[in-house]
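*Asks:* Mind folding the following:
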Amino acid sequence: MRLIHIEDGGHQLSMTEVNREVPKYAILSHTWGAEEITIDDMRNGRRIDSGGYRKIQECCATAAKNNYQYLWVDTCCIDKTSSAELSEAINSMYRWYEEADVCYAYLSDVPSVNFTGSRWFTRGWTLQELIAPKEVIFFDKKWNVLGTRDSLQLEILERTNIPLGILDGSQSLETMSIAQRMSWASERQSTRIEDIAYCLMGIFGINMPLLYGEGDKAFIRLQEEIMNVSDDHTIFAWKDSGGDENDGGLLASSPAAFRESSDIIVRPGASISTKTPWRLDNKGLHLELYTMAVGPDGLVLAVLPCTEVGMEDDWVGIYLRDKTLTMDHFERVGKDELVPVDLRLFRPAQYPLRMLCVQRQRLASARRKPLSRRNKQEAPPTDSQTTQLALYSPPDGSPIEQLPISSQPDGGRSVLSCAAMEGNIQRAWSLLSQPRVRADQPDNHGRTPLSYAAERGHIDLVWLLLTRSDVNPFSADVHGITPVLYAARNGHHKVVEVLLARKTSQNDIYDNRRRTLLSYAAEGGHETTVHMLISRSDFDPDLDDMDGRTPLSWASQCGHGTIVALLAEHGADINATDVHGKTPIWHAVATPHSVSFHANDESGSGVLVWAAENQYQTLLDMLLTSVADIDQPDKLGRTILSWSLENEATDVFSKIVAYGVNLNAACMCRPGQADSDSAPRQTPLSWAAETHRYEIFRMLVTHGADVNPPGTFLPGITTPLHWAVQTINEDLFKFLLEHGADMYARDIYGCAMPIKVALEEELENYVRILLDHGADPNFCDEDGDTPLYAAAYRKGKDTMQLLLECGANPNIRDRSSDPLVYYAAKQELYDIMSLLLSHGADINQCNRRGDSPLAAAIENDDRKMAKLLLTHGANPNTADSDGTTPLIDAVRNGRHACVALLLEHGADANVRDGYGTPAVVEAMFDEKIVRLLIAYGADPHAQDEDGRSASKYA
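*Replies:* Below you'll find the model as predicted:
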């Protein structure tokens, strides 16, 4: 614990830490402002001119006047940068206020407002600061004493509703119910959402870790911690008209829900008591409560063993809904109401104490939509008088109808049985509310109201009867048929599910002829019921009756193909024989409803696709051996192959491949197109490529799909290999080559091969892969382009290096017969020229006009390229088709440096052009070039055919 040490009458303040021996100290209660002082400010003497520091100074001065040397203030005595210290402090705060000698409550907004109107009474943290201390003294803004908690207790009582016994200390907090204590905080607020829970920990004697960021979950967690140490049912006695209607949990979302619960108490000696401790797990909160069915769709009233002060004959009820109608999982509904239950009219013998599981709060941060108008209309009635009558009248509040409850109009059936047959839930309510009605009374055939309700599928009536403790859910009639067997025979799967929840095994339920639930459901063709029964762990597909008939036998005889397939898929023995030696197949063939398998059924689903869609593997195996054309599409254009690929059913794919399915058939619907018999189709391989199903692509190729299909593979793409390059899918590119893809295949224009596409996209790895797989580096396309030229066009030195190392001819020519060395010189590609020369390129190789690489360099005035060529042996005297040499070209264009370079490397200074004009005459007006030529042996008197010479014009 950290305290402020007060010296020199409050003028000298310092921080000190205390452990075991805590001195007498005063403690401050206040509302935080904008200039509060932190522990670092106190340690370093910062912000001493702030309002927060002046508040601490005044408080210390007040403490010093009262002979206190130590003071605790929440703003500066806690290091809030340490989450561990903050958590310890908040968990200890109630005790620190409790152990303080005195608490100074500073109301900074008084006297601008009256005492009870102060903001101090609205904050969450000040609640424990009001209750915990031995003595509380209130001060106004100027530190004038307003009074003490004792002297102002009537004003405080009126403002906070906290009993005087709590304020004066004559009563302990434990004498107050949880609901009452929660109500004290119902109108208080906190800056952070979580603090409205953390500020109440001391009020309930709870310690728990702080998790800032958890939001409303903090208050839920507080209530869960309270339930670990208390069985006070008032924690559930709250009303919330503004919360999340879809929450469904028993715990409130905030203390505000307890605003009207200040008088809810636990009455000593309550007649309703529970035997089992509460338990909270991932399913929900488990606890015992009396429940009464009060409406349709599983609506019950749960009675809490608590009451309201002054209304001791009424107990508190809350509405729950049995979500699954199995009495297993409930949710709270009608959260804006607490229902008074008159115990003088409540008969516990008819309403059993049940162990309930109520769902936990949904803790997702996103708020769900409120209930629709329709759902709100289905919620419990809100009129308190109406709900008071719910215990002994219909849920709509109408008067009890006086009925001849012992009447037996037909076969000894009671009026309640007749109401159950008709599904008349209002009449059933009226009857069940009368004390002389036997809810389980059998008729002359041994049938009970529950039996009739189950047979007709009246789920709400079934559930209503099951909530009674005097109803046997498994009473059998004279034929041994129980309510659940009647429900199964008529396909009422919800009723079957509700009743089965009360039995350990479906195999223990059978009639006098040993017909089971599955047997009846299969005979009736009730697919949903059959599905539900076979999904249970106690499912036995071959449990036979007294005649040896299995569920499969009954389904076959009645022509229920889907159920036949379903049972076969789940292990039913298709060869099982009855007492007459007849198999299910015999029953199917011998009756007019026999199951027939055609390539297409009336709905157009196709039997193969139908069997695969429904995962009837055994049936699918049978069909594959009998269907002549497994590539035949159904009425939507689907084939078994297209279905298996679209649904990634690899097991089905493996089966149909073994039966020779055509993997190259155009059976796949193009992406974005709905299945129909007229929808455009593509091959499985192109579909897999276009939809990026690469594993399916591999699977198809591995099983023999054509990797060199005719026509266009995809729009704008000729072959799978072109596609792999263009989509930069290196793994599939290798995969295709390994499975025979044509590496010389042309594009849709008959030109570009995969290697050219790779070169154009500068994909060196793909070029290397092709070369590793034996691609010819000198192969020409229709335009006469070779890979080496394509690489040069892209200035791809590394790719050219790779091609040359793999045998590419450096003297190759392009479509215009230009050699590569000429192209490199013309384009000033020095690195590529060096690479070509290092691999033996002919340095004097000319284009079709006779231009040499050196001539191209001189024409570009590219001395660097010219020097590179001359250094590697380029002939400086090679003439083009016009007889022009590089020197003549350099002289004509006045390129002094090029002239000098050529002369230095052996160019003939007396060379003449194609018209016989000497170089020196060409340069006769350029004195510098003339001198250069003469210096390298040019004849200054040499004349052209017109008799001109350089000397004549010198």
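*Asks:* Going by C-alpha atoms from here, please, whenever you check contacts or count neighbours.
*Replies:* OK.
*Asks:* correct me, but F697 touches L685?
*Replies:* Yes: between F697 and L685 there is a contact under Cα atoms under 8 Å: 5.9 Å.
*Asks:* Would you tell me what the next helix or strand after the lowest-mean-pLDDT helix or strand in the chain is?
*Replies:* Sorted by mean pLDDT, DSSP states H and E, the helices and strands of the chain end with helix 384-388, the least confident at a mean of 34. For helix 384-388, the following helix or strand on the C-terminal side (DSSP states H and E) is helix 415-422.
*Asks:* After that following helix, which helix or strand is next?
*Replies:* helix 425-432.
*Asks:* So, low pLDDT: which residues of the stretch 101-250 of the chain?
*Replies:* Judged by pLDDT under 70, the stretch 101-250 of the chain has its weakly predicted residues at 243-246.
*Asks:* For it, which segments count as helices?
*Replies:* 125-131, 153-160, 164-167, 178-184, 195-198, 217-229 (DSSP state H, counting those that start in this stretch).
*Asks:* Report the backbone C-alpha coordinates of the fifth one in PDB.
*Replies:* The one in question is helix 195-198. Listed next in PDB are the C-alpha coordinates belonging to helix 195-198 (Å, rounded to 0.1, in the frame of the first residue of the first chain):
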ATOM      1  CA  ASP A 195     -15.600  -0.400 -13.900                       C
ATOM      2  CA  ILE A 196     -19.300  -0.700 -13.200                       C
ATOM      3  CA  ALA A 197     -18.500  -4.300 -12.300                       C
ATOM      4  CA  TYR A 198     -15.100  -3.800 -10.700                       C
END
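*Asks:* So what touches that helix?
*Replies:* Contacts to helix 195-198, defined as Cα atoms under 8 Å, 6 or more residues apart in numbering, come from residues 90, 124-125, 188-190, 210, 218-219, 222, 254-255.
*Asks:* Looking at the residues you listed, spot the one nearest C846.
*Replies:* Comparing the contacts of helix 195-198 against C846 with Cα to Cα places L210 closest, at 85.4 Å.
*Asks:* quick one: the closest one and S87 touch, right?
*Replies:* Yes: using Cα under 8 Å, L210 is in contact with S87, at 5.9 Å.
*Asks:* check which helix or strand covers L566.
*Replies:* Using DSSP H and E, L566 sits in helix 561-569.
*Asks:* Give me the helices and strands touching that helix, please.
*Replies:* Helices and strands touching helix 561-569, by 3 or more Cα pairs under 8 Å, 6 or more residues apart in numbering; DSSP states H and E, are helix 527-534, helix 551-557, helix 617-624.
*Asks:* Of those helices, give the one that comes closest to T175.
*Replies:* helix 527-534 (51.7 Å).
*Asks:* Now do that closest one, average pLDDT.
*Replies:* For helix 527-534, mean pLDDT rounds to 94.
*Asks:* Also stretch 918-936?
*Replies:* For stretch 918-936, the per-residue pLDDT averages 87.
*Asks:* do stretch 466-478 as well
*Replies:* 88.
*Asks:* Give me the buried positions along it.
*Replies:* Across stretch 466-478, burial judged by 16 or more other Cα atoms under 10 Å covers 466-471, 473-477.
*Asks:* Could you work out the end-to-end span of that stretch for me?
*Replies:* Start and end residues of stretch 466-478 are separated by 21 Å (Cα to Cα, to the nearest Å).
*Asks:* Off-centre distance for it?
*Replies:* 44 Å (Cα atoms, centre = their mean, to the nearest Å).
*Asks:* what does it contact?
*Replies:* So stretch 466-478 is contacted by 291-293, 349-352, 439-440, 445-448, 450, 465, 482-484, 499, 502 (Cα under 8 Å, 6+ apart).
*Asks:* Give me the buried subset of those.
*Replies:* Among the contacts of stretch 466-478, those scoring as buried are 291-293, 350-352, 439-440, 446-448, 450, 465, 482-484, 499 (criterion: 16+ other Cα under 10 Å).
*Asks:* coming back round to it: using neighbour counts, trim the contacts of helix 195-198 to the buried set.
*Replies:* The neighbour-count test (16+ other Cα under 10 Å) marks 90, 124-125, 188-189, 210, 218-219, 222, 254-255 as buried among those.
*Asks:* Buried ones in the one helix or strand E98 maps to, by neighbour count?
*Replies:* Counting by DSSP H and E, the element that carries E98 is helix 83-99. For helix 83-99, the neighbour count (16+ other Cα under 10 Å) marks 87-99 as buried.
*Asks:* nearest to L567, of those residues?
*Replies:* S87 (60.0 Å).
*Asks:* my read: that closest one touches P209, true?
*Replies:* Yes: counting by Cα under 8 Å, S87 touches P209, with 6.5 Å between them.
*Asks:* what about stretch 572-582, start to end distance?
*Replies:* Length of stretch 572-582, first residue to last, Cα to Cα: 15 Å.
*Asks:* Which residues outside that stretch are in contact with it?
*Replies:* The contact list for stretch 572-582 (Cα under 8 Å, 6+ apart) reads 541-542, 547-550, 552, 568, 583-585.
*Asks:* got the buried residues for that stretch?
*Replies:* Applying a neighbour-count criterion of 16+ other Cα under 10 Å, one finds 572-574, 576-578 buried in stretch 572-582.
*Asks:* Nearest to F925, out of these: which one, please.
*Replies:* So of the buried residues of stretch 572-582, ranked by how close each gets to F925 (Cα to Cα), first place is A572, at 110.6 Å.
*Asks:* Chain neighbours aside, what residue packs nearest to A705?
*Replies:* Excluding its sequence neighbours, the residue lying closest to A705 (Cα to Cα, 6 or more residues apart in numbering) is L663, at 5.4 Å.
*Asks:* so who does the one you found touch?
*Replies:* 641, 683-684, 700, 704-705.
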